[in-house]
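Visitor: Predicted structure and sequence below. I'll ask about it afterward.
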Amino acid sequence: MSQGVSTTAGLYGLLAEFESADALAAAASRAHKAGYTRLDAFSPVPIEGLAEAIGQDDRRVQRFVLLGGIVGGLSAFALQYWISVIDYPLNVGGRPLNSWPAFIVPTFELTILFASFTALFVMLGLNGLPQPYHPVFNVPSFARASSDGYFLSVEAEDPKFDRTDTRRYLESLGATEVNDIEP
């Protein structure tokens, strides 16, 4: 069978299991460098640099959090300004109506609130969560992914995917087991 041509009817991809976090990180890095682009890694613990090793260097969450914080801070200040200067002006003790030092604490609090909610919802949205079903759940050994299993999946939609060659390649990376992922 030639490279890039595969019989993938009824196949989501391949799932390789590794013995340790270091073995998974090394295999993921080597697979990405070999040209596989549709990779995903599963681990019970965070592994430093694993996302970058499989080519996921998306930094959109940070931009959204910054934007959410700015919106929160501006809306808090605008609300206090509107109330104190335009809608219900009270001159207490001769202070100016726009007494911005009194606005600092609520502005800070709403900045943090908006930024944190933005981080939560953007992270869930970009990760596609909640996800009650994923094809890797069909592999029986994947049940250990939340306790002591380290897994790397290669999707059949990957341009370089070939069922036998990819299986052989994953085994050469030190996988203890390679399973088909049925959709």
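Guide: Now that the structure is in, tell me what you want to look at.

Visitor: Only C-alpha atoms from now on, for both contacts and neighbour counts.
Guide: Will do.

Visitor: so residue 15 sits in a strand?
Guide: Yes. Under DSSP: H, G, I helix; E, B strand; the rest coil, residue 15 falls within a strand.

Visitor: Number of residues surrounding the spatially closest residue to it that is not a sequence neighbour?
Guide: The shortest distance from residue 15 to any non-neighbouring residue, by C-alpha to C-alpha, 6 or more residues apart in numbering, is to residue 153 (4.3 Å). If you count neighbours by other C-alpha atoms under 10 Å, residue 153 ends up with 23.

Visitor: same deal with residue 183?
Guide: With other C-alpha under 10 Å as criterion, residue 183 counts 13.

Visitor: what do you get for residue 72?
Guide: For residue 72, using other C-alpha under 10 Å, the count is 21.

Visitor: Tell me the pLDDT of the closest residue to it other than its chain neighbours.
Guide: Counting by C-alpha to C-alpha, 6+ apart, residue 72 lies nearest to residue 111, which is 4.4 Å off, once chain neighbours are set aside. pLDDT for residue 111: 98.

Visitor: contacting residues for residue 111?
Guide: 68-73, 76 (C-alpha atoms under 8 Å, 6 or more residues apart in numbering).

Visitor: So it belongs to a strand, correct?
Guide: No. Residue 111: not assigned to a strand; according to three-state DSSP it is helix.

Visitor: Report the separation between it and residue 66.
Guide: From residue 111 over to residue 66 the distance is 9 Å, taken as C-alpha to C-alpha, to the nearest Å.

Visitor: Return every residue with contacts to both of these two.
Guide: Joint contacts of residue 111 and residue 66 (C-alpha under 8 Å, 6+ apart) do not exist.

Visitor: Leaving out sequence neighbours, find the closest residue to residue 25.
Guide: Take residue 25 and drop its neighbours on the chain: the residue closest to it by C-alpha to C-alpha, 6+ apart is residue 50, 5.6 Å away.

Visitor: right, and the one you found touches residue 27 too?
Guide: No. Counting by C-alpha atoms under 8 Å, residue 50 stays clear of residue 27, with 10.0 Å between them.

Visitor: Tell me which of those two has more neighbours.
Guide: Set side by side, residue 50 and residue 27 show more neighbours around residue 27, with 26 against 22, by other C-alpha under 10 Å.

Visitor: mind checking the SS state of that one?
Guide: From three-state DSSP, the assignment for residue 27 is helix.

Visitor: how many other residues sit next to the residue nearest to it when sequence neighbours are not counted?
Guide: Nearest non-adjacent residue to residue 27, counting by C-alpha to C-alpha, 6+ apart: residue 173, 5.6 Å away. Neighbour count of residue 173, defined by other C-alpha under 10 Å: 17.
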